[in-house]
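**Student:** I would like to see how this sequence folds:
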Amino acid sequence: MGESEKRSDLEENLKPFYQRASEAEERLSRLEAALATKKDSENEDHLKLISELQSRLEEAGAELVAEREKAHKLAVENAKLEYRIIHLARAAKEADLKLEQMEK
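**Tutor:** Residues are numbered from 1 along each chain as shown. Now for the predicted structure:
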């Protein structure tokens, strides 16, 4: 057997292995592409979710500010009304006392 025959036999024996390796590389390339696409779509879904949550958080923050302002206005109004009630009650007592003194 000559050197070229050995090489030819070796190449012939290795041919199925090269073919399987080539097929495996192709499958790996397809899997990597599919994985990249899946990751991109998952990332896009996550970004959409994050964006939606940020929007909800901003809305809730604005609503909280509005409710605090409303509560502050109501507290101020209540303080004014309490002040008026105190003075009206005092005026009513004074009027009752004057009426009693006049009747005596």
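
**Student:** tell me the centre residue of the chain?
**Tutor:** Residue closest to the average C-alpha location in the chain (C-alpha atoms, centre = their mean): residue 53, at 2.3 Å.

**Student:** distance of residue 56 from residue 62?
**Tutor:** Residue 56 is 11 Å from residue 62, where distance means C-beta to C-beta, to the nearest Å. To be clear about C-beta, it is placed using only N, CA and C from the backbone, and glycine gets the same treatment.

**Student:** residue ranges with poor pLDDT in the protein?
**Tutor:** For the chain, the stretches flagged by pLDDT under 70 are 1-2.

**Student:** what are the ranges of the helices in this structure?
**Tutor:** 3-103 (DSSP state H).

**Student:** now stretch 36-55 - C-alpha only, PDB.
**Tutor:** What follows is stretch 36-55, C-alpha atoms only, in PDB (Å, rounded to 0.1, in the frame of the first residue of the first chain):
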ATOM      1  CA  ALA A  36     -31.100  34.600  19.700                       C
ATOM      2  CA  THR A  37     -34.500  35.300  18.300                       C
ATOM      3  CA  LYS A  38     -36.200  33.900  21.400                       C
ATOM      4  CA  LYS A  39     -34.000  36.000  23.700                       C
ATOM      5  CA  ASP A  40     -34.700  39.100  21.600                       C
ATOM      6  CA  SER A  41     -38.500  38.400  21.800                       C
ATOM      7  CA  GLU A  42     -38.200  37.700  25.600                       C
ATOM      8  CA  ASN A  43     -36.200  40.900  26.000                       C
ATOM      9  CA  GLU A  44     -38.800  42.800  24.000                       C
ATOM     10  CA  ASP A  45     -41.500  41.300  26.200                       C
ATOM     11  CA  HIS A  46     -39.600  42.300  29.400                       C
ATOM     12  CA  LEU A  47     -39.100  45.800  28.000                       C
ATOM     13  CA  LYS A  48     -42.800  46.200  27.300                       C
ATOM     14  CA  LEU A  49     -43.600  44.900  30.800                       C
ATOM     15  CA  ILE A  50     -41.100  47.300  32.400                       C
ATOM     16  CA  SER A  51     -42.500  50.200  30.300                       C
ATOM     17  CA  GLU A  52     -46.000  49.300  31.400                       C
ATOM     18  CA  LEU A  53     -45.100  49.100  35.000                       C
ATOM     19  CA  GLN A  54     -43.300  52.400  34.900                       C
ATOM     20  CA  SER A  55     -46.400  54.000  33.300                       C
END
